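>>> Sequence first, predicted model second:
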Amino acid sequence: MLKIKGIFILFFVLTAVMLVGQNATISGYVYDAKAKPIQFVNVSVVDKSLGTATDKYGFYKITVPAGEQIQIKFSSVSYETHIEDLTLESGKRIKLDIYLKEAYTILPEANINANSDRFIPATRLNPEISLNIPTPGGFIDILKSLPSVSSNNELSSQYNVRGGNFDENLIFVNDIEIYRPLLIRSGQQEGLSFINSDMVSAIVFSAGGFEAKYGDKMSSVLDIKYRKPKEFGGNVTASLLGTNVHIEGTSKDHLFKYNTGLRYKTTKYLLSSMDMMGRYDPTYLDFQAYLTYDVSDKFELSFLGNISNNTFSFIPEDRETSWGTLNEALKIMMYFEGQELDRFQNITGAFTGTYQPRDSMTMKFIVSGYYTREQETYDILGQYFLNELDKQLG
């Protein structure tokens, strides 16, 4: 039994000696170009599942097969990979120090082009907001809420900027100046503003410091861009104050584009709640069209047209107003006969030829015309009674 155990022990010892004799050992340090040790360098044998890593001193030690040609690979982040070809004898121990070069990546040339907006002192407005606010003036009411903009009548589309007059404000639609010489006596006579929010793509407002291309008026500039549609679309909205119909689209070859809007507005229910009692019948109708045709890749012909017909009819009945203090309370009562009938008709048309010989150059040729007809008729008889109220309490 002891003899058999001795044979087994001798067999295992000889086998271990033979296995050790078939391997070789490689050790050393890994440095950078400045002879500083590199930690966590991967040291591996190519096509073999053998490997190790350097310690904080850059030292490594690896056992490799002997008697065959092998490749030792040294790799680390931010350094170039280094490979050594070796053929070692059985049981041999060698020292191999490696110096790794830092890895550099040459990036291709990058060109950054940016276009800055020279129209700096301006405010960009979102035209879609006006479609969701319950105000009679639409987009103009948003404009009145901006700093430096004021208005003395919420029913009017006229506004003042920095204390200037209402006619000192410039309005441009697709680089076409919109003239507004209407002389409105009161805000309740005024109907729709020129701006159709359904057709707008961008709005820029400047309260001063604008470019010279807009002219020499001193107060403000309202620059509006009507949309050039890319596909067919439209919408219809209706309420107690009016109806809007908007249709836009393009031809099959996308050379002809159209953007149209029809608006109807009435403030009958709104005016009926005023102190001046009577029968109100205001009717405001407006149609706009923006048409474009691409004659060639460099030339475009466009047309902007607007037709509006506003009618205001009012038959007053009576009005009662009280004012004063507790010690001097007064009341005035007014009785009327007759009616007021106003009609305002406006037609605006403009042709624009846009020529763009290259990307950095654009020339526009604009021809525009404006026609207006105003008629105001008053046939009202009034009686006034001023009363002093009783100052006794109880």
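Done, it's in.

>>> Could you give the number of residues near Phe385?
10 (other C-beta atoms under 10 Å). In this view, the C-beta of every residue, glycine as well, is placed from N, C-alpha and C.

>>> if I read this right, it contacts Met333, doesn't it?
Yes. In this structure, Phe385 is within contact of Met333 by C-beta atoms under 8 Å, at 4.5 Å.

>>> so what's the closest residue to Asp342 other than its chain neighbours bridging to?
Distances taken as C-beta to C-beta, 6 or more residues apart in numbering put Phe312 closest to Asp342, at 4.3 Å, once the chain neighbours are dropped. Legend: beta-bridge partners of Phe312 under DSSP bridges are Pro282, Asp342.

>>> same question, the one 4 residues further on
Going by DSSP bridges, Pro316 is paired in beta bridges with Gly278.

>>> how much space between it and Asp359?
Pro316 is 61 Å from Asp359, where distance means C-beta to C-beta, to the nearest Å.

>>> Settle it for me: which of the two has more neighbours?
Pro316 (20 against 6).

>>> residues contacting that one?
Met276, Met277, Gly278, Phe336, Gly338, Gln339, Glu340, Ile380 (C-beta atoms under 8 Å, 6 or more residues apart in numbering).

>>> Turn those into JSON lines, columns for secondary structure, distance to Ser148 and neighbour count.
Output for the contacts of Pro316, formatted as JSON lines (DSSP: H, G, I helix; E, B strand; the rest coil; distance: C-beta to C-beta, whole Å; neighbours: other C-beta atoms under 10 Å):
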{"residue": "Met276", "secondary structure": "coil", "distance to Ser148": "32", "neighbour count": "17"}
{"residue": "Met277", "secondary structure": "coil", "distance to Ser148": "37", "neighbour count": "14"}
{"residue": "Gly278", "secondary structure": "strand", "distance to Ser148": "37", "neighbour count": "17"}
{"residue": "Phe336", "secondary structure": "strand", "distance to Ser148": "39", "neighbour count": "20"}
{"residue": "Gly338", "secondary structure": "strand", "distance to Ser148": "42", "neighbour count": "13"}
{"residue": "Gln339", "secondary structure": "strand", "distance to Ser148": "40", "neighbour count": "16"}
{"residue": "Glu340", "secondary structure": "strand", "distance to Ser148": "35", "neighbour count": "18"}
{"residue": "Ile380", "secondary structure": "strand", "distance to Ser148": "38", "neighbour count": "13"}
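
>>> Nearest spatial neighbour of the most centrally placed residue in the chain, chain-adjacent residues omitted?
Centroid check for the chain by C-alpha atoms, centre = their mean gives Asn126 as the closest residue, at 8.0 Å. Using C-beta to C-beta, 6+ apart and skipping the chain neighbours, the partner closest in space to Asn126 is Ile203 (7.7 Å).

>>> again with Ala24
Nearest to Ala24 is Leu88, by C-beta to C-beta, 6+ apart, at 3.7 Å.

>>> doesn't Gln22 make contact with that neighbour?
No. With contact defined as C-beta under 8 Å, Leu88 does not reach Gln22; the gap is 10.6 Å.

>>> who touches both of the two?
Ala66, Gly67.

>>> Okay, now the sheet partners of the one helix or strand Phe172 maps to, with direction.
For Phe172, the enclosing helix or strand under DSSP states H and E is strand 169-173. Paired strands of strand 169-173, with direction, are strand 176-177 (antiparallel), strand 220-226 (parallel) (DSSP bridges).

>>> send the alpha carbons of it over as PDB?
The C-alpha coordinates for strand 169-173 follow below in PDB (Å, rounded to 0.1, in the frame of the first residue of the first chain):
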ATOM      1  CA  ASN A 169     -46.000 103.300 -35.600                       C
ATOM      2  CA  LEU A 170     -44.900 101.400 -38.700                       C
ATOM      3  CA  ILE A 171     -46.600  98.200 -39.800                       C
ATOM      4  CA  PHE A 172     -45.000  95.900 -42.400                       C
ATOM      5  CA  VAL A 173     -46.400  92.700 -43.800                       C
END
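
>>> quick one: average confidence on that strand?
The average pLDDT within strand 169-173 is 86.

>>> likewise stretch 122-129?
For stretch 122-129, the mean confidence score works out to 76.

>>> which parts of that stretch are buried?
Neighbour-count burial for stretch 122-129, with 16 or more other C-beta atoms under 10 Å as criterion, is recorded at Ala122, Leu125, Pro127.

>>> Many thanks, I have nothing further to ask.
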